[in-house]
Every structure is written in structure tokens, then in C-alpha cells.
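A.B. asks: What follows is a predicted structure for the sequence shown.
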Amino acid sequence: MTDQSKDKSFFGHPKGLQTLFMTEMWERMSYYGMRGILVLFMTAALQEGGLGLTAATAAAIYGLYTSSVYFMGLPGGWIADRLIGGQKAIWYGGIIIMCGHIVLAIPNEGSFFIGLILVALGTGLLKPNITAVVGQLYSSEDERRDAGYSIYYMGINIGSLIGYFVCGYLMENAGWHWAFGAAAVGMALGLIQFYLTNKNLPAVSAKPSVEISESARKKSWVGIGIFLVGVAIVTALTLAGTISINAVSLAQQTAIVLTATFFIFFAIIFFRGNLNQVEKKGMWALLLICVASACFWSGFEQAGSSLNLFTRDYTDRFIGSFEIPTTWFQSVNSAFIILLTPFFAAFWIKLGQRMVTPGYGLKMAVGLIIMGSGFIVMIFAAQVAAGGGKSAAFYLILTYFLHTVGELCLSPIALSAVSKLSPRRYMGQMMGLFVFTYSIGNIIAGLMAGKFDPNNVAEMPSLFQFIATFSIGVGAVVLLIGMFTKKWEQEVVESKEGEDA
Ligand code: GLN
């Protein structure tokens, strides 16, 4: 085992970061590549090889799918903490995801839904745990943690950029199922390199962090078995037409259930987790971060829905005689992340050197406010559209730029914060709970976008105004509360350093 505090073999970071970077890059290639064409596939006519669904049903299924992918992170983190450890969760999660994409590559409507379910189950196992293992590469006092998460976050976006282009290209030139197949190949590449290089990962990630009795272990596996059988029965009955699910109303109820689940789960760890006073303070700081994250993604995730429709219908996409395809705008965010990450990494280091260490609350607040200001730009763009014209592409690019700057202040930093402030024995579950805020954000984003009627231009400025006010308002509140939680964050770090010493 190499001493990770001295290991600087991957851009100044431990070698294990390279393993996690590459695995997550390929996983995200498969996720975003497939997600980018999902709504198009569902709404394409049957004779074009699609499913021929209405836009409303497709949008609801899309919202349910993207939120369940992240929803499953909660049980995924729990399974790693108690039963199998982070490394095995990543490995088996990746295998299930790959199987999901292979099933999606089979041209059949029934298998389509089975494929989606497999990807959601696999991502639930992989996503929170791979993110938690990144944090385990660094000791509590290792200052490279934030930068490590920024590098890892860059891997996510390199993967999504590859996915958008490869799957988008194959969809247009070879067919839907080739594009789904490419996602499976991407995940397979990720698995191969994980298998070959997982020896670089920290030993703690190889085993569960919570000790449980043999009977509790058995009960847990039985519970998982019952859950999986339940999922299989509901899927079979739905496919057979015995039960019918209205995707639109299900999406509405899901938003409420998800929010309630989040608070219940948080309360269980808080009150029943045998936490000491310092750990409890850390949990309050984390609650603030989670609320900021859910609100952030509910604005940000308009990219695939209302902003996407705005791009298609109300944006002048011509450069000379070339019309930029609507879908290309989806990858602007990933491209900006890749371009801006080095600047942000340097910026945080510079701040640290000057002994300016903003608390996590402040960074979350800045992220929300900058993202919200992106929607102010969209108010102007929508006014142009409401006046009967087409808005310049510049507005959207500026909006995505601001969204990306906001994302870089909030998202990788929040991952680092969760890995730093969570009680060690609940690391996987806390990361699962954090990934769960993506789920809440995605479903609320879908509901807000549902109010966006592409045929009612006059209403558009007010939708964007609402999102801007909401995000900036929440940002201001987070800023205020963050002044109190900063102290608690420091107490948690000091106490962990004490444990390490
Ligand atoms: N782009 C980030 C990721 O893929 C965040 C996703 C999200 O919807 N919150 O991990």
C-alpha cells in the first residue's frame, strides 16, 4: 500500500483518483449519451423505430427515470456501508448498468423499460459509492480534497461530452439501438480499467464501514431480495397491462414522496445514529448543503427541458447558412466545465494560500445566485421571443456559462463537503442522501418545466423570472445560515483530525 498523503502520481493526487476518474468518466459517458437521446427516442414515431409516445408522457418518464437513477443512491450507499463496501458496490453497479444498456440495445418496447430499471439500480450502487471513495483518498487534513473532487468532476464532464457526441452521432447515422449499444461499450471500458487498476484504491473502501451481526446481515439481504422481487412483479404487471401507470401524475406525487423520504432518512441518521455533539453539528451543516443542492438542480436541470425547447423554437441558431443542431447546446455545459475547472482549482488554492477559506454555505450560496442570474439573462431572451423575434444564441451561451460557473462553485465543492463532514461510518449513506438531492432537483425541474408551454411565448419571461427569483432568494438565505454553520464545519474537521492523530 502506498502512503496516499505522499502519492502525487495523478496530477499531484493519489493514483487511486485516476482509477475513479476513468471509471466515472465511462459511466457518465454511458449515462449522458443514452439520456441525451432518450426523449427523442420515446417521442419518435413507431415507423422511425421510436416508441411513438406523446411529449408529455415522454417528459414524465424522463423525469421519473432521471430521478430514480439518483433516488436509488440511498439504498446503494446503505448496501455499501453495511454489506459489501464501496469497491464491490462500484464493480457490481457498473455490471448492472452495462447489462441495462445491453438490454436497451435490443429493439423491443418491453425490454426498453427493463433496461431503464437496470441502469437506475446499477447507478444507485455505483454513483454515491464511487463519489465517497474519492473522499477516502484524502486524510482529514489533506488540503488536496477540494481540488481532487474538481478533477473528478472534470472526468464526469469529459465522459458526458464523449457520450453526447458518440451516441448522438450513432443515433443519426446508424440507428437508436446502436447508440444504446455504444453506451454499453462505454460502461464495459470503465469496468475493464476498474478491474485492472482497483489495487490503487484505499483499503477502507474494500470492506463495509459498519459492523453488523450475522442475523442483521441476513435480514438485510432478505429485504433487498423482497424489494427486487417487488420491482420485478410491478414491471411484469405493467408490461402485461394488468396495472396501468399514469406517468404524469406519478411524477407529481413522486416529488412529494422524495422530499418526505429525504427528511425521514436524515432524521433517522440524526436521531438514531448514535452521533456525538460534533457529528450532529456536521449534520446541520450538511442539511444546509443538501437543501442548496436540491434547489440548485431544480433550476439547473431546465437545460434538458424548457431551455432545450427554447433553443429549438426561439433561438436563431444560424451561423451563416449553417444551422447549429439543437442538441449541441446540451453539451455547452460539459465543455465549459472542462475549460473552467483548471481556473477554479487554481482559484481555490490561491484563496487557501491567502488564508481565505470561505465556508461551504458561502460557496453554495454563490453557486445558487450565479446560476439564478443565468435565468435573468433568459428573461431578456424570452422578451425578444415574446416580441415575435428569435433571440440570439449568445443569450443561451451566456446563460449556460453562468450556470456552469454556479455549478463549479456548488457541485464539486458539495461532494467534497459531504465526504469531509459526514460521520465516517455513514459515509456511503450520506453520499447516497446527497445524491438523492439530485433526484429531488430533477423531479422539481420537470414539474416546473411542465409549466413551460412552447406555444405560449408571452408567459416565458415570467417562468424564467420565477426561477431566477427562487434561486437567488434561496441563495441569500443559505448565505445567512452559512455564517453560523461555518463554525460547526471547522469543529467537525478539528475533531476528525484529532481522531486521525
Ligand atoms: N453532472 C453531475 C453528475 O453527473 C451532476 C448531475 C445532477 O443532475 N445533479 O454527477
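C.D. replies: Cool, got the structure. Worth saying up front: this structure is predicted, and the values here are computed from it rather than measured.

A.B. asks: What residues sit buried inside the host helix or strand of Asn333?
C.D. replies: Assigned by DSSP states H and E, Asn333 belongs to helix 332-353. By 16 or more other Cβ atoms under 10 Å, the buried positions in helix 332-353 come out as 332-338, 340-341, 344-345, 348. Every C-beta, even on glycine, is put in place using the N, C-alpha and C of the backbone.

A.B. asks: Could you list every helix and strand that that helix packs against?
C.D. replies: Contact analysis of helix 332-353 by 3 or more Cβ pairs under 8 Å, 6 or more residues apart in numbering; DSSP states H and E lists helix 145-173, helix 393-421 as its packing neighbours.

A.B. asks: hey, least reliable of those by pLDDT?
C.D. replies: Here the lowest mean pLDDT among these goes to helix 145-173, at a mean of 90.

A.B. asks: Distance-wise, check the closest residue to the ligand within the chain relative to Tyr70.
C.D. replies: Nearest residue of the chain to the ligand: Tyr438, at 3.6 Å (Cβ to the nearest ligand atom). As judged by Cβ to Cβ, to the nearest Å, Tyr438 and Tyr70 stand 4 Å apart.

A.B. asks: Tell me which of these two has more neighbours.
C.D. replies: The neighbour comparison of Tyr438 against Tyr70 (other Cβ atoms under 10 Å) goes to Tyr70, with 27 against 22.

A.B. asks: Which helix or which strand is home to the more buried one?
C.D. replies: Tyr70 belongs to helix 55-71, assigned by DSSP H and E.

A.B. asks: Next up, the contacts around Arg35.
C.D. replies: Contact analysis of Arg35 by Cβ atoms under 8 Å, 6 or more residues apart in numbering lists 66, 304.

A.B. asks: Where does it sit: helix, strand or coil?
C.D. replies: Assigned state for Arg35: helix (three-state reduction, DSSP: H, G, I helix; E, B strand; the rest coil).

A.B. asks: for Gly299, same thing?
C.D. replies: Going by three-state DSSP: Gly299 is helix.

A.B. asks: same thing with Thr357?
C.D. replies: What three-state DSSP gives for Thr357 is coil.

A.B. asks: That one is in contact with Leu351, isn't it?
C.D. replies: Yes. Between Thr357 and Leu351 a contact is recorded at 6.9 Å, counting by Cβ atoms under 8 Å.

A.B. asks: Mind checking what secondary structure the residue of the chain closest to the ligand has?
C.D. replies: Following three-state DSSP, the label given to Tyr438 is helix.

A.B. asks: Over to Glu141?
C.D. replies: Secondary structure state of Glu141, per three-state DSSP, is coil.

A.B. asks: Give the closest residue to it in space, chain neighbours not counted.
C.D. replies: Glu497 (5.3 Å; Cβ to Cβ, 6 or more residues apart in numbering).

A.B. asks: Helix, strand, or coil at that neighbour?
C.D. replies: On the basis of three-state DSSP, Glu497 is classed as helix.

A.B. asks: Correct me if wrong: it contacts Ser140.
C.D. replies: Yes. The pair Glu497 / Ser140 is scored as a contact, 4.9 Å apart, by Cβ under 8 Å.

A.B. asks: So these two - more neighbours on which side?
C.D. replies: With neighbours defined as other Cβ under 10 Å, Glu497 and Ser140 compare such that Ser140 has more, 17 against 12.

A.B. asks: For the spatially most central residue of the chain, which residues are in contact?
C.D. replies: For the chain, the residue sitting closest to the mean C-alpha position, by Cα atoms, centre = their mean, is Tyr438 at 5.4 Å. For Tyr438, the contacting residues are 70, 73, 293, 297, by Cβ under 8 Å, 6+ apart.

A.B. asks: please redo it, this time with the cut-off set to 6 Å
C.D. replies: Counting by Cβ atoms under 6 Å, 6 or more residues apart in numbering, Tyr438 makes contact with 70, 297.

A.B. asks: Same check on Arg82?
C.D. replies: By Cβ under 6 Å, 6+ apart, the contact set of Arg82 is 208, 210, 212.

A.B. asks: Confirm the second one sits in a strand?
C.D. replies: No. Secondary structure assignment (three-state DSSP) places Val210 in coil, not in a strand.

A.B. asks: didn't it look like it was pressed against Arg424?
C.D. replies: No. With contacts counted by Cβ atoms under 6 Å, Val210 stays clear of Arg424, the gap being 9.9 Å.

A.B. asks: Need phi/psi at Phe10.
C.D. replies: Phi and psi for Phe10, reported as degrees, to the nearest 10, are phi -120, psi 100.

A.B. asks: brain fart, Ile245
C.D. replies: Torsion angles, degrees, to the nearest 10, at Ile245: phi -110, psi 130.

A.B. asks: Count the residues that sit near it.
C.D. replies: Neighbour tally, Ile245, other Cβ under 10 Å: 13.

A.B. asks: now it: how far from Leu121?
C.D. replies: Distance from Ile245 to Leu121, by Cβ to Cβ: 18 Å.

A.B. asks: Would you enumerate the residues in contact with Tyr32?
C.D. replies: Per Cβ under 6 Å, 6+ apart, neighbours of Tyr32: 160, 163.

A.B. asks: What's the per-residue pLDDT of it here?
C.D. replies: Reading off the model, Tyr32 has pLDDT 92.

A.B. asks: about what we covered before: and the helix holding Asn333, how far out from the chain's middle?
C.D. replies: Here the centre of helix 332-353 is set off from its chain's centre by 19 Å, with Cα atoms, centre = their mean, to the nearest Å.

A.B. asks: Moving C-terminal from it, which element do we reach first?
C.D. replies: helix 360-386.

A.B. asks: Give the buried residues for the helix or strand hosting Gly186.
C.D. replies: Following DSSP H and E, the helix or strand that holds Gly186 is helix 176-197. Neighbour-count burial for helix 176-197 flags 176-177, 179-191, 193-194, 197 (criterion: 16+ other Cβ under 10 Å).

A.B. asks: what does the helix or strand of the chain with the lowest mean pLDDT contact?
C.D. replies: Every helix and strand of the chain was ranked by mean pLDDT, DSSP states H and E. The lowest is helix 55-71, at a mean of 82. Under the contact criterion Cβ under 6 Å, 6+ apart, helix 55-71 has outside partners 38-39, 42-43, 116, 120, 123, 247-248, 251, 435, 438-439, 442-443, 446.

A.B. asks: Residues of the stretch 251-400 of the chain that sit close to the ligand?
C.D. replies: Within the stretch 251-400 of the chain, the residues that sit near the ligand (Cβ under 6 Å from any ligand atom) are Trp297.

A.B. asks: now the stretch 251-400 of the chain, which segments are flagged as low pLDDT?
C.D. replies: Judged against pLDDT under 70, the stretch 251-400 of the chain has no low-scoring part.

A.B. asks: Now do the contacts for Ile379.
C.D. replies: By Cβ under 6 Å, 6+ apart, Ile379 lies in contact with 461, 464-465.

A.B. asks: 10 Å instead, please
C.D. replies: By Cβ atoms under 10 Å, 6 or more residues apart in numbering, the residues touching Ile379 are 395, 460-465, 467-468.

A.B. asks: Next: Gly406.
C.D. replies: Gly406 makes contacts with 296, 299-300, 364, 366-374, 471, 475, as judged by Cβ under 10 Å, 6+ apart.

A.B. asks: for Gly93, same thing?
C.D. replies: By Cβ under 10 Å, 6+ apart, the residues touching Gly93 are 27, 72, 76, 79-80, 121-130, 187, 191.

A.B. asks: Show the backbone phi and psi for it.
C.D. replies: Here Gly93 shows phi and psi, under degrees, to the nearest 10, equal to phi -60, psi -50.

A.B. asks: and Lys6, that one's in a helix?
C.D. replies: No. Read with three-state DSSP, Lys6 is coil and lies in no helix.
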